[in-house]
Structures are given as C-alpha cells and as structure tokens.
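Enquirer: Mind folding the following:
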Amino acid sequence: MAEATGRKKGKLSIVATPIGNLEDVTLRALRVLREADVIAAEDTRHTRGLLERHGIDRPMTSLHEHNEDEKTASLLGRVLAGENVALVTDAGTPGVSDPGFRLIRAAREQGVPVEVVPGPSAVMVAVAGAGIPAEKFAFLGFPPRKGGELARWARDTLSMPISVVFFESPRRIVDTLTVLAGLDPNRPACVCRELTKRYEEFLRLPLEELAASLAARPEVLGEVTVILGPPLAPLVDETPFDVDAEVARLEGQGKSKKEIAKAIAKVMKRKASDVYAELIERRR
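Expert: Predicted coordinates for the structure are as follows:
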C-alpha cells in the first residue's frame, strides 16, 4: 500500500552502541545512524559524543525509563508516517536491561518494521574474558535492591547448575557479593569492570575473597558485570522452610491458592496437586 501511494515506508532500528571504547561500533550501525530521521537516545548528551566522534549530525530525542511510555506513541507515529527511527542507549543494546522494551514491543504489535543492528555486549565481553566455563549460562539483569528480595534472589541464583551473568551498580556490588558469599563462599566468580575502557579489569576469585577484595577498596568505580561459575557442590539449605510464612507472603501478593501451591511445591520438590490439597485441608 505504501508503494501504491508513493509514501516511504519507515522502520524502527535497534542499534547497539559501544559499551566503552568508541571505536567498537560497526559500519552498519554508523550507516543506520546517518540515515535516521531521528535518533531516540537514553541520554542525548552521551550519544552526541559518539555521533560527533564519527561525524554524524542527526536530530535526537530522549527516550529513557521515565518517559518511555509517553514517547512510544509519538515515535511509532513518526515511523508510520514514513520516518526511520534509530533507537540507542548509553551503552550496548536497547531493551536488554536498558530502556526500549516498551517501544519495541509496541512496534511489533503495530506491525511496524523492526531491524536489529547488533554490536558490543557487556555480557559477551565478560563471558569471553573471565575464564569461567560458559557453554551454558543465564543472564539475570540487575539483582533486586531490597534485603529480603536480594536474599531470595541470591539463593535462587546459586541453586542454578550453570554459570550466571548479571549486572550490578558499583555502589551495591560489595553488598550483593557479600550476600552471595555467605551462601557459597567458594563459588568461582569474576567481577568485570570498565569493560573495553582504559582501566578494564577482570578480578577472578572465589566469592568470599572477591567480596573481601572489593570491600577493602575506598570505592568501586565503573559499570560492573559479574559472572558466577557453575556450583562446585549442591547448595545446602540450612534454614527451615516455614510453609505458613510463605503462604502468608504469597497471599499478600494476591496469589491464588493454585499459584501458591505451585510455588511451595517447587521449593519442597513435591507435587503441586498434593500441596494444594494440604492447603485446602489447612483452611478447613
């Protein structure tokens, strides 16, 4: 239909940008940015540095976690009107622990053409350079901040039989590693910091030593990616599982009885139907 009316067909381009070193940008990414009618950037000031480095002068608009909902409709409207919109974040790929997911989802739902321009990835750089087995690994984004949620996250994470990769803030990295080390002090781990930059660092130690090493520093600087190797032994849970407390917690979250039974059955390694029957009996 667009061809019949002579109107140009727009598209949304998801463009990966350098995670540190500005030379780590693909030729395709530079071409797409040059051809864009507008560049939607997490921080326009940050992206301007990349564009100036490569002699690109294109209009920009901000799209970050606080305005993504309101910007999504207007950016989709521009694509539908025939414009090419390039989506970038401060580093890495949009939508992967960075703003952009809502816009990308909406574009797919509206049938808007979407292309992905791959490039640098902190996850893959860390996996490649850490020297930790990663034939199979899980990427978990950022850990939760609250103490109780962090403790549950740490136990679930360390229970995985494969390597795990996650991001963490330099302000919280010591606390997070300390929680993990309290559960599995000898688990092999690597903190990957300032990747591709001048002061790039891979610090590979058992969890307990890693937490102590970073705690001894005046401060930890730069973006942090962490890799936990596969467990050396099954994680032993010495804390009794309080079924009543867990039921109360899940009920407080508005979970149904079937959802509660399924969650408890997973922890206790039992059939959900048996747990559900016991919950009904308790109610009686």
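
Enquirer: For the stretch 101-250 of the chain, just list every one of the helices.
Expert: Counting by DSSP state H, counting those that start in this stretch, the stretch 101-250 of the chain has helices at residues 101-109, 122-129, 147-158, 173-183, 207-215, 243-252.

Enquirer: nearest to residue 87, of the ones you listed?
Expert: Nearest to residue 87 among these is helix 101-109; the distance by Cβ to Cβ comes to 6.5 Å. All C-beta spots, glycine's among them, are computed from the backbone N, C-alpha and C.

Enquirer: ok, and what's touching that closest one?
Expert: Residues outside helix 101-109 that contact it (Cβ atoms under 8 Å, 6 or more residues apart in numbering): 12, 14, 40, 63, 68-69, 71-73, 75-76, 79, 87, 94-95, 114.

Enquirer: Now tabulate the helices of the stretch 101-250 of the chain in TSV and tack on mean pLDDT, distance to residue 275 and mean neighbour count.
Expert: Shown next, in TSV, are the helices of the stretch 101-250 of the chain (pLDDT from 0 to 100; distance: least, Cβ to Cβ, whole Å; neighbours: other Cβ atoms under 10 Å):
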stretch	mean pLDDT	distance to residue 275	mean neighbour count
helix 101-109	93	34	16
helix 122-129	96	36	19
helix 147-158	92	19	15
helix 173-183	95	25	20
helix 207-215	96	33	19
helix 243-252	81	9	13
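
Enquirer: Distance to residue 190 added to those, as a markdown table?
Expert: Listed next are the helices of the stretch 101-250 of the chain as a markdown table, based on distance: least, Cβ to Cβ, whole Å:
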| stretch | distance to residue 190 |
| --- | --- |
| helix 101-109 | 28 |
| helix 122-129 | 7 |
| helix 147-158 | 15 |
| helix 173-183 | 11 |
| helix 207-215 | 8 |
| helix 243-252 | 33 |
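
Enquirer: Quick one, which of the ones you listed gets closest to residue 227.
Expert: The closest of the helices of the stretch 101-250 of the chain to residue 227 is helix 122-129. By Cβ to Cβ, the value is 5.7 Å.

Enquirer: mind listing what residue 98 touches?
Expert: If a contact means Cβ under 8 Å, 6+ apart, then residue 98 has 42, 89-92 as its contacts.

Enquirer: The chain - how does it break down into domains?
Expert: According to automatic domain parsing, the chain comprises the domains 9-120, 123-228, 243-283.

Enquirer: roughly how far apart are residue 140 and residue 164?
Expert: For residue 140, the distance to residue 164 (Cβ to Cβ, to the nearest Å) stands at 6 Å.

Enquirer: Mind checking which of the two has more residues around it?
Expert: When neighbours are counted by other Cβ atoms under 10 Å, residue 140 and residue 164 differ, and residue 164 comes out ahead with 23 against 17.

Enquirer: Next one: that one, what pLDDT does it get?
Expert: pLDDT, residue 164: 97.

Enquirer: hmm, back to that, ok, the contacts of helix 101-109 vs residue 248, which is closest?
Expert: Nearest to residue 248 among the contacts of helix 101-109, counting by Cβ to Cβ, is residue 69 at 33.5 Å.

Enquirer: Next, work out how far apart that closest one and residue 114 are.
Expert: Counting by Cβ to Cβ, the gap from residue 69 to residue 114 is 19 Å.

Enquirer: More neighbours: which of those two?
Expert: For the pair residue 69 and residue 114, the greater number of neighbours falls to residue 114 (16 against 11), based on other Cβ under 10 Å.

Enquirer: Am I right that the more buried one is in contact with residue 11?
Expert: Yes: using Cβ atoms under 8 Å, residue 114 is in contact with residue 11, at 6.9 Å.

Enquirer: ok, back up a step: lowest mean pLDDT across the domains of the chain, which one is that?
Expert: Sorting the domains of the chain by mean pLDDT places domain 243-283 lowest, at a mean of 79.
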